[in-house]
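Novice: Can you look at this prediction? I've put the sequence above it.
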Amino acid sequence: MSNTELIQDYVNTLHKDIHGDEEDLVTPRELASWLAARDLVRPNVSAGAADLRQAKELREALRTLLLAKNEIEVDEAPAQAVLDRVARKAHVELRFEDGAPALVPTAAGIPGALGRIVAAVHAAVADGSWQRLKACRCRDCEWAFIDTAKNQSRAWCSMRSCGNREKARAYRKRHATHTS
């Protein structure tokens, strides 16, 4: 799994929907299972309520940064502060693995796993793939997606759902203004 795919999957553990949100990380056990399934922690690691709160805070901070990259006006400073806190708690350090520099969390357990996600952000920025990772502009979606358009112009996760809905809203708004 690439760094951008890991970040995308993590942000998408909360499925926002016009019919209601669906949360994949409801319990600390679900958080630990999700992280273990991606080899970010040992399968038998335990998580607590504070770990779950921090994991969700990190997820929403990442979503905020992805929204900002898709021309949504958000305050990025608090989100960046969350990433800084997670990195410090994970004791993220510069290491040389196989002769190449990498940011590696030295903390164990859930803090180390969350640090690996922050390190994935750094690696994605470094390899240029971070630019293609965005969150859907539709405020009742905000699904993370990888912009595969040649000119990196995608605004919605899907033109079939959010794109069409948003274009229809804009159309109705324009026509309501002209007929009033």
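Specialist: Looks like it arrived, so ask away.
Novice: Which stretches in the chain count as strands?
Specialist: 14-15, 22-23, 92-97, 100-105, 133-135, 144-146 (DSSP state E).
Novice: Can you add mean neighbour count and give these back as JSON lines?
Specialist: Every C-beta, even on glycine, is put in place using the N, C-alpha and C of the backbone. Written out in JSON lines, the entries for the strands of the chain read as follows (neighbours: other CB atoms under 10 Å):
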{"stretch": "strand 14-15", "mean neighbour count": "16"}
{"stretch": "strand 22-23", "mean neighbour count": "12"}
{"stretch": "strand 92-97", "mean neighbour count": "12"}
{"stretch": "strand 100-105", "mean neighbour count": "15"}
{"stretch": "strand 133-135", "mean neighbour count": "26"}
{"stretch": "strand 144-146", "mean neighbour count": "20"}
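Novice: now for those, which one comes closest to L66?
Specialist: Taking CB to CB as the criterion, strand 133-135 is the member of the strands of the chain that comes nearest to L66, at 3.7 Å.
Novice: Name the surrounding residues that touch that closest one.
Specialist: Outside strand 133-135, the residues that touch it by CB atoms under 8 Å, 6 or more residues apart in numbering are 4, 7-8, 11, 63, 66-67, 69-70, 72, 124, 142-147, 154.
Novice: Tell me the gap between that strand and the middle of its chain.
Specialist: Once both centres are worked out by CA atoms, centre = their mean, to the nearest Å, strand 133-135 turns out to sit 8 Å from its chain's centre.
Novice: That one pairs with which strands?
Specialist: Taking DSSP bridges as the criterion, strand 133-135 sits next to strand 144-146 (antiparallel) in its sheet.
Novice: So for the partner strand, mean pLDDT?
Specialist: What strand 144-146 shows for mean pLDDT is 93.
Novice: One more: stretch 63-79?
Specialist: pLDDT averaged over stretch 63-79 gives 95.
Novice: next one: stretch 2-19
Specialist: Averaged across stretch 2-19, pLDDT comes to 90.
Novice: In it, which residues are buried?
Specialist: 3-14, 16 (16 or more other CB atoms under 10 Å).
Novice: taking these one by one, which sit in helices?
Specialist: Secondary structure assignment by DSSP state H places 3-11 of the buried residues of stretch 2-19 in helices.
Novice: Do you have the helices of this structure handy? List them.
Specialist: Listed in chain order, the helices of the chain (DSSP H) span residues 3-11, 28-37, 49-68, 76-89, 109-127, 164-179.
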